[in-house]
Structure formats: structure tokens, C-alpha cells
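A.B. asks: Build the 3D model from these lines:
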Amino acid sequence: MSLLQNEDALGTSRYIVGGRAFFEASIHGDGVTSFTFRGFFDEKGYTEPKSTLNELKSSGWLYVIIVACILVVIGAIVLYCWCKSKKEKERQAKKQKNE
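C.D. replies: As a prediction, the model looks like this:
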């Protein structure tokens, strides 16, 4: 971790973001199934940022966003059906006119 910190301080790398560095190690070999291990190295005193999802829930905005998305989807379906029926009526009218 200290090597990563030194490289980031010199500006030669950008491995540590917000006090945390991601790592991934894989093992492959003859007669061994592959194994991958992932995790984070945290600097001393690192704390995870608090989730804003709880703030959205408590303020009610999460529910407003969900309802708005549902209404948009329903509106798109209704608009599609309305346009399709209108186009079909125009096609029928044009067909009757030509007969």
C-alpha cells in the first residue's frame, strides 16, 4: 500500500481513489481450477461514504422517481396504441375510398 501511496503522491499513478485501492488476484496452474480473489486496500482512517439512497427514501423523492418512471412507461404504451389505432383507421378509410 505504501508503494501505491508513493506513486500516487508523485503523480505517476492513480491507483488510490478516495483512500481505497481495488485489487484482484488470479491463480491458474496445472491441475488447479482457476481462482480469483478481489478486494480493497483501505488507507488508515478510511470510512465508506454514506449512501444517499436512505436520504432519497426519507425525503420521498425515491418514490416520486419510481412513480414518474412507471407513468412514463404507461404513457409510452398508451401513445403507441393510440398511434397504431389511428394509423389503422386511416388505412381503412383510404382502402374504402379506393373501392
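A.B. asks: So which residues of this protein form strands?
C.D. replies: 20-29, 32-42 (DSSP state E).
A.B. asks: got those as JSON lines, with mean neighbour count columns?
C.D. replies: Heads up, the C-betas are built off the backbone N, CA and C, glycines and all. Output for the strands of the chain, formatted as JSON lines (neighbours: other Cβ atoms under 10 Å):
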{"stretch": "strand 20-29", "mean neighbour count": "11"}
{"stretch": "strand 32-42", "mean neighbour count": "10"}
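A.B. asks: Put together TSV for the ones you listed, with mean pLDDT on each row.
C.D. replies: Formatted as TSV, those follow (pLDDT from 0 to 100):
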stretch	mean pLDDT
strand 20-29	82
strand 32-42	80
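A.B. asks: could I get those as TSV with distance to residue 58?
C.D. replies: Converted to TSV, the strands of the chain look like this (distance: least, Cβ to Cβ, whole Å):
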stretch	distance to residue 58
strand 20-29	27
strand 32-42	28
